[in-house]
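Enquirer: Quick one, fold the following:
(chains A and B)
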Amino acid sequence: MKGSLHLYNSLTRRKEEFKPINEGFIGLYVCGPTVYSDVHLGNCRTFMSFDMIYRFLLKFGYNVRYVRNITDVGHLLDDGEDRISKGARKDKLEPMEVVQKYTNGFHDMMDIFNTLRPSIEPRATQHIIEQIEMVQDILDNGYAYVENGSVYFDTTKFAEETGKYGKLSGRVIEDLLAESRDNLKNQSEKKHPSDFAIWMKAAPEHLMKWNSPWSEGFPGWHLECSAMSTKYLGKTFDIHGGGNDLKFPHHENEIAQNEGACGCSPCNYWLHTNMLLMNGKKMSKSDGNTISPEELFSGDSPHVSKGYSPMVIRFFMLMAHYRSTVDISDEALQAAEKGYKKLMEAGRSLKQLEAHSAEAGKIDEQINSISQSAFDDMCDDFNTPKALSRMFELVNIINSLKGGQLDSKELSSRGLETLKQTYSSFIYDIFGLKNDLVDNDQSKYLDGLMNLVIDIRQSSREKKDWDTSDKIRDVLKELKIQLKDGQSGTDWTIDG
RNA sequence: GGUCGGGUGGCCGAGUGGCUAGGCAGAGGUUUGCAAAACCUUGUACGGCGGUUCGAAUCCGUUCUCGACCUCCA
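Expert: Here you go, the predicted model:
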């Protein structure tokens, strides 16, 4: 399939045609999690969005280097303490134990949500040398100053000389001056409130610190992404992504650092995913407006009436555009669950379909047109809700062929092949969905058993022994297995 | 207060000048031994008020309202 890819660039605030720096290759950097506690659902949404984007870029034919970092140092809390250090003290663990524990948890959750692993997953603490070098470059270029062992980025000077500070987030430096809080740590050391630390001198009790030309300390939070993206993708690469809430100050400062260090902008396209809401508000741990992935799976939360499978959640998120907020609610999840099942059932039915015609008929045309449309939708800034709606058009065709409402003579074997390919390409490869209700190791036993049961029930029905056949149906129903009698025999589905 | 983004039928959610997605729920029908599933039909939707236009949910103005960021956040 052919098309040109357009994506919404947060920097220019409009859709632009995507042109890679090197034909056929894409450098993609996404800001990963800070591993100081269990992943929360909001993070999952962001990484599922970028997973979908990564998958589509691959499908489009690009060779993608997908870099997603792990932040394991340098993230300050309000009181100035490192998040990892704080976690270490709390759990009586080595900082690196904290990091490992939550990194493992993060990876497990990403697997559960069926996301592809990034090509490189660099950690901040493994790139202290690169970060120190970048601080030095920024100092050498005159965009930073040393104060009492810490190094601060000089935003005023950078803004005056380049005019590039605040461009991404639409901020003006004078406004920042007026609005900044004055209770930040080390505020007095800064020349300007909007200046930010690129190297911090560590307090004696600080657990994670390294030697540097300026002090024994640790790198500023924003610096790691600048240093690691440069290292693995080059000074200027194609796409940088992250959650909307990272736009300011994180991404804004990243741009400043890269510009300050090498005089070039870090990337050509900025992609930002929108927030996951609950009850109309951003999901966040601090105010209790949150539900963990585990709670959502088990249903053990006042926010949901039952549990939802990981794939239902993934499907639910794909139903909204990545740049829109998603408000999670029990009602919406229930609707998503039904839609998801319908989609998966059609996938199973599709396997059994047969085409008899050698010549392309009307249905062939429809399939070709829907396939192309779905591809075009994805090319238009990854419009998953629209592309998904095309999939439901395919579902309708599949079910109609199966049910006999559509004449399979109108479909050539080649058309059927296209249908199967399109379906699997979008549902499994691009959207990253899988049938988590039946696709597991036990499914072959279950299939065999069910075939037997269905066979026995069919015999009863032929003898008009409704008592037996209805009993089989009712008992299975209690076991959450639903039988579906169709024209071409009986099917079944797990009704979780 | 500053910056940015929303408000679409009962719910979720695309669309962004005329062709009026899709899912869920509801109604009627076909099918079925009965159901379920599937299929078919069915929706006076675009926050309010003005304006531009032959024509606006879509553009402009204004107003109300919700949210995000401005402090760590995906």
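
Enquirer: Near RNA strand B, which residues of the stretch 301-450 of chain A? Just list them.
Expert: A:319-321, A:324-327, A:329, A:331-332, A:334-336, A:338-339, A:342, A:345, A:383, A:385-386, A:388-389, A:392-393, A:395-396, A:399-400, A:402-403, A:405 (Cβ under 7 Å from any atom of the strand). All C-beta spots, glycine's among them, are computed from the backbone N, C-alpha and C.

Enquirer: let's see 6 Å
Expert: The stretch 301-450 of chain A has residues A:319-321, A:324-327, A:331-332, A:334-335, A:338-339, A:342, A:383, A:385-386, A:389, A:392, A:395-396, A:399-400, A:403, A:405 near RNA strand B, with proximity defined as Cβ under 6 Å from any atom of the strand.

Enquirer: where do the strands sit along the stretch 1-150 of chain A?
Expert: A:6-9, A:14-17, A:25-30, A:63-68, A:144-147, A:150-153 (DSSP state E, counting those that start in this stretch).

Enquirer: Name the nearest residue to the residue in the stretch 151-300 of chain A that RNA strand B sits nearest to, ignoring sequence neighbours.
Expert: Closest to RNA strand B within the stretch 151-300 of chain A is residue A:243: 1.3 Å, counting by Cβ to the nearest atom of the strand. Residue nearest to residue A:243 in three dimensions, not counting chain neighbours: residue A:46, with 4.7 Å by Cβ to Cβ, 6 or more residues apart in numbering.

Enquirer: where's the one you found relative to residue A:32, distance?
Expert: Using Cβ to Cβ, to the nearest Å, residue A:46 is found at 9 Å from residue A:32.

Enquirer: likewise residue A:217?
Expert: 23 Å.

Enquirer: Now tabulate the strands of the stretch 1-150 of chain A in JSON lines and tack on mean pLDDT, distance to residue A:225 and mean neighbour count.
Expert: Output for the strands of the stretch 1-150 of chain A, formatted as JSON lines (pLDDT from 0 to 100; distance: least, Cβ to Cβ, whole Å; neighbours: other Cβ atoms under 10 Å):
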{"stretch": "strand A:6-9", "mean pLDDT": "94", "distance to residue A:225": "18", "mean neighbour count": "18"}
{"stretch": "strand A:14-17", "mean pLDDT": "92", "distance to residue A:225": "22", "mean neighbour count": "11"}
{"stretch": "strand A:25-30", "mean pLDDT": "98", "distance to residue A:225": "7", "mean neighbour count": "23"}
{"stretch": "strand A:63-68", "mean pLDDT": "98", "distance to residue A:225": "10", "mean neighbour count": "20"}
{"stretch": "strand A:144-147", "mean pLDDT": "95", "distance to residue A:225": "17", "mean neighbour count": "19"}
{"stretch": "strand A:150-153", "mean pLDDT": "95", "distance to residue A:225": "14", "mean neighbour count": "24"}
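
Enquirer: related to what we said a few turns ago, residue A:46 and residue A:32 - which one has more neighbours?
Expert: Per other Cβ atoms under 10 Å, whichever of residue A:46 and residue A:32 has more neighbours is residue A:46, with 27 against 24.

Enquirer: Wait, that one touches residue A:242, no?
Expert: Yes. If you go by Cβ atoms under 8 Å, residue A:46 and residue A:242 touch, sitting 7.3 Å apart.

Enquirer: Name the residues contacting each of those two.
Expert: residue A:273 (Cβ atoms under 8 Å, 6 or more residues apart in numbering).

Enquirer: Is there a quick ChimeraX command that grabs whichever of the residues of the stretch 301-450 of chain A next to RNA strand B are buried?
Expert: Those of those that count as buried under 16 or more other Cβ atoms under 10 Å are selected in ChimeraX with:
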select /A:319,320,321,325,326,334,339,383,395,396,399
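
Enquirer: among the residues of the stretch 301-450 of chain A next to RNA strand B, which are in helices?
Expert: A:331-332, A:334-335, A:338-339, A:342, A:385-386, A:389, A:392, A:395-396, A:399-400, A:403 (DSSP state H).

Enquirer: tell me which of those residues is nearest to residue A:461?
Expert: When these are compared for distance to residue A:461 (Cβ to Cβ), residue A:403 wins out at 18.9 Å.

Enquirer: residues touching the closest one, list them.
Expert: A:486, A:487.

Enquirer: Let me know the pLDDT of it.
Expert: If you check residue A:403, the pLDDT there is 91.

Enquirer: now it: how far from residue A:487?
Expert: Counting by Cβ to Cβ, the gap from residue A:403 to residue A:487 is 6 Å.

Enquirer: wait, the residue of the stretch 151-300 of chain A closest to RNA strand B sits on residue A:276?
Expert: No. Judged on Cβ under 8 Å, residue A:243 makes no contact with residue A:276 at a distance of 9.4 Å.

Enquirer: Find the residues that touch each one of these two.
Expert: residue A:42.

Enquirer: Okay, now the unreliable bits of the stretch 101-250 of chain A?
Expert: A:175-188 (pLDDT under 70).

Enquirer: can you rerun that using 80?
Expert: Residues of the stretch 101-250 of chain A that meet the criterion pLDDT under 80 lie in A:173-188, A:205.

Enquirer: In it, mark out all the helices, start to finish.
Expert: A:128-140, A:155-162, A:173-179, A:221-233 (DSSP state H, counting those that start in this stretch).

Enquirer: count of residues packed around residue A:467?
Expert: Other residues close to residue A:467 by other Cβ under 10 Å number 9.

Enquirer: SS state for it?
Expert: helix (DSSP: H, G, I helix; E, B strand; the rest coil).

Enquirer: From residue A:474, how far off is it?
Expert: For residue A:467 relative to residue A:474 (Cβ to Cβ), the value is 10 Å.

Enquirer: Ok, residue A:465 next?
Expert: Counting by Cβ to Cβ - residue A:465 and residue A:474 are separated by 14 Å.

Enquirer: Kindly report the same for residue A:296.
Expert: Separation of residue A:296 from residue A:474 (Cβ to Cβ) stands at 31 Å.

Enquirer: Check the gap between residue A:173 and residue A:369 for me.
Expert: Residue A:173 is 52 Å from residue A:369, by Cβ to Cβ.

Enquirer: Among these two, which residue is more densely surrounded?
Expert: Ranked by neighbour count (other Cβ under 10 Å), residue A:173 and residue A:369 place residue A:173 first, with 17 against 12.

Enquirer: need the contact list for that one.
Expert: A:155, A:156, A:159, A:165, A:166, A:192, A:194.

Enquirer: Which members of the residues you listed are the farthest-apart pair?
Expert: Farthest pair in the contacts of residue A:173, by Cβ to Cβ: A:166 and A:192, 12.8 Å.
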